[in-house]
Each structure stands twice: as C-alpha cells, then as structure tokens.
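K.L.:
Sequence unavailable; structure follows:
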C-alpha cells in the first residue's frame, strides 16, 4: 500500500474542519492551514485558534497557523466595509484566504489544496470553487473542488463539534458581519 499524497486543508474554524478532515483523510495525508486575520476581535480569533488546536491534538494532525495580521486584512478589504454579507467583501476575503493557502502549499511542496469554506450553507460554493480554480491557475497548485455540505456534511460537522465539545461561533468572523443583534464578542 502506497503513501497517501498530501493536501493542505484551509480551515476557517474547528467545527467546519471536522467533517472535511474526516473525509479527506481517507484519501490524503491532511495538513491543516489556519489564516485567521479576517477574524475579529482578537478574543474571537483566540477562541477559534484554541478550538482548532484542541481538534488537531485530539485527531493528531498538524496545523499551520498563519501570523495574525488583521491590519493587513483591513487594508485588503478597504472600501468594501459597507458591502452586504455575501457581497464583494466576502469574495475578496475568500480570495485572500485561498491565495494564502495556495502560497503555503507551494512553499511546502504540497501539490493540492482545498478549503472547509464549502461546508457552510451560508456561503456561495460556486464562487469559492471559482476563486480556488483561478488561484490554482495563477500559482500552479491544484485546487481540489469539494462541496463538503453535500451528503449532510454540515449537519455531521455540527454533530461532531458537539460531541468533541468544540467552540462553535455564530458569525463568520469578520467584524463587518456582526449583526446589530450581536455584540462584538459574538454573543446575542
């Protein structure tokens, strides 16, 4: 039996990584990648980082944590602050995250990358996969298109995160996505 090929899994949060990791690990040696500069405030970033550390230790897989640089992220999305959820700001944010993942995969000599973003029923899968393809062509790293929310993937991720007692947030992480009914710490 041969060695599994490596894949870099861009992870937006621990709960969303559960089902994709369990599926991908059947075919690949999975290395996690957490960008996180789009997550605000810092306390929320730390909650998500710690939840992912907990998951990676429990399931014994490596995760690379990109340096937290929210000011750089704010600079990248400048002018898009008033965009509606799912609009141009989200598109730019997806691009930033997937590009960083592809760059990291290339640096590490990993030929393929993918993302957990497609598990969310709130995200535009076609847009995410389109961005992944563009970045793949630009950087020469293969993007594996998967729609993890299919076959009850999202439901399974919720069940797994409850079973593992993982912190589960109620907004994407971007300070601009926090609704009027939510406080900055993500509580209602």
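P.N.:
Right, received. Where do you want to start? No experiment lies behind these values; they were computed from the predicted model shown. Numbers count the residues shown, from 1 in each chain.
K.L.:
Only C-alpha atoms from now on, for both contacts and neighbour counts.
P.N.:
Noted.
K.L.:
Residue 36 and residue 156, how far apart?
P.N.:
23 Å (Cα to Cα, to the nearest Å).
K.L.:
Looking at these two, which is more packed in?
P.N.:
residue 36 (26 against 17; other Cα atoms under 10 Å).
K.L.:
Please identify which helix or strand holds the more buried one.
P.N.:
Counting by DSSP states H and E, no helix or strand carries residue 36.
K.L.:
What pLDDT does the model give it?
P.N.:
pLDDT recorded at residue 36 is 94.
K.L.:
which residues in the chain form helices?
P.N.:
Assigned by DSSP state H, the chain shows helices spanning 14-24, 42-59, 70-76, 88-108, 125-139, 153-163.
K.L.:
can you list the weak-confidence ranges in this structure?
P.N.:
1-2, 179-188 (pLDDT under 70).
K.L.:
count of neighbours near residue 80?
P.N.:
15.
K.L.:
For it, what are phi and psi?
P.N.:
Note on residue 80: its backbone torsions stand at phi -110, psi 10 [degrees, to the nearest 10].
K.L.:
Make 738 the starting number, not 1.
P.N.:
Renumbered: residue one is now 738, and that last one reads residue 817.
K.L.:
can you pull the contacts of it?
P.N.:
825-826 (Cα atoms under 8 Å, 6 or more residues apart in numbering).
K.L.:
if I look at it, how far off is residue 829?
P.N.:
Residue 817 is 9 Å from residue 829, by Cα to Cα.
K.L.:
would CSV of the helices of the chain with distance to residue 740 be doable?
P.N.:
Converted to CSV, those look like this (distance: least, Cα to Cα, whole Å):
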stretch, distance to residue 740
helix 751-761, 14
helix 779-796, 19
helix 807-813, 37
helix 825-845, 17
helix 862-876, 24
helix 890-900, 26
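K.L.:
for these, which one ends up most surrounded?
P.N.:
helix 751-761 (a mean of 23; mean count of other Cα atoms under 10 Å).
K.L.:
what helices or strands is that helix leaning on?
P.N.:
helix 779-796, helix 890-900 (3 or more Cα pairs under 8 Å, 6 or more residues apart in numbering; DSSP states H and E).
K.L.:
Nothing else from me, thank you.
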